[in-house]
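In: Structure, please.
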Amino acid sequence: MDIKIIQALLQQPESTSLEFKRNIDLRNERSRAKFIKEVLSLANMHLDISYLIIGVDDKTKDIIGFEGYTEIDIQNFVRDWCLPPLDFDFHNVSYLDKELGVMEIFGDNQFHHIKRAIRYTDTDGKSKEVRENALFIRRGSRVDEATLEEIIVFAQQKNTDLPEIISKLDEISEVNEEIDRKSRFRDFGAEARDESSREIMETIFVSGLSGVILGILWKQDAYWLPSVAVPVTYFSIITTSIMRITRFGVRHTIAAGLLIGIVLSLWLTYGGLPQSC
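Out: Numbering: from 1, shown residues only. I've put the predicted structure just below:
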């Protein structure tokens, strides 16, 4: 890389296309998070070339030096953390008897985001997180997560057909919502029919069970038997619900219990079972 480019960059302040870093430690979660945010923010400004120079104090511009990582290390790290892949070059450059890491990031009109979340402890001791799929941009020299409005503005600047695309997406979304509403309506009707059938079958089952219990207790002179029809019915409902044979709700239980109990009471009073039972 041309030393004159580095010299010129060192005369400039940090901006939307330029970032200075003292050092990076890719084994440290906080350092990794800050580095990947800075790389993504430069890539998402969609400029022809942006620069990240490692080994320079961002305030004093003192040359600190950079060592420990090669081009392959940086390429592998960025590939593992950024989507879609970034187009960049990384150079280890000798400058004033020290090594600098110079990253040239080439604009590609794509929005790049972090592949997975990074959790770390900040200098104030508080736990922080860079969330999965976060997309970062630069506001001057500051790195911030982009808002939806900013993403749309950036995209419109690069794609004049975007309003038409968004309009088509809205139309597709409305059609899908209408289909979903109709589908839910049909499903609700089917569920209502299924629920009604289930309640009828459960009522018949409990009626039969209650009748069997009362039939076992029946005696020709048992004047008290009709009065226990309702309690026996509720006993049947509670027992079958506990055993998960039926799923009677509160209102269903009250209505079914009274109905079945009254029918059985009338039957026992005016009809009854044969003597042989």
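In: how's this structure carved up into domains?
Out: 3-159, 178-271 (automatic domain parsing).
In: Dump those into CSV; add mean pLDDT and mean neighbour count as well.
Out: Just so you know, the C-beta spots here come from the backbone N, C-alpha and C atoms, and that holds for glycine as well. Converted to CSV, these look like this (pLDDT from 0 to 100; neighbours: other CB atoms under 10 Å):
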stretch, mean pLDDT, mean neighbour count
domain 3-159, 91, 16
domain 178-271, 70, 14
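In: Stretch 205-214: how far from the chain's middle?
Out: 50 Å (CA atoms, centre = their mean, to the nearest Å).
In: Strands along the stretch 1-150 of the chain, start to end?
Out: Taking DSSP state E, counting those that start in this stretch to define them, one finds strands in the stretch 1-150 of the chain at 18-21, 49-54, 82-83, 88-95, 98-106, 113-114, 118-121, 127-130, 136-139, 142-145.
In: The third one: partners in the sheet, and parallel or antiparallel?
Out: Partner strands for strand 82-83, per DSSP bridges, with pairing direction: strand 113-114 (antiparallel).
In: what's the answer for the second one, then?
Out: Next to strand 49-54 in the sheet, as set by DSSP bridges, lie strand 18-21 (parallel), strand 98-106 (antiparallel).
In: In TSV, list the ones you listed along with distance to Gly140.
Out: Converted to TSV, these look like this (distance: least, CB to CB, whole Å):
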stretch	distance to Gly140
strand 18-21	11
strand 98-106	17
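In: about what we covered before: out of the strands of the stretch 1-150 of the chain, the one nearest Pro226 is which?
Out: strand 127-130 (69.4 Å; CB to CB).
In: what's the spacing between Val130 and Pro85?
Out: Note on Val130: its distance to Pro85, by CB to CB, to the nearest Å, is 19 Å.
In: Also Val228?
Out: For Val228, the distance to Pro85 - CB to CB - is 78 Å.
In: Just list whatever residues bridge to His91.
Out: Beta-bridge partners, per DSSP bridges, of His91: Val102.
In: Stretch 60-75 spans what distance, first to last residue?
Out: Taking CA to CA, to the nearest Å, stretch 60-75 runs 28 Å from one end to the other.
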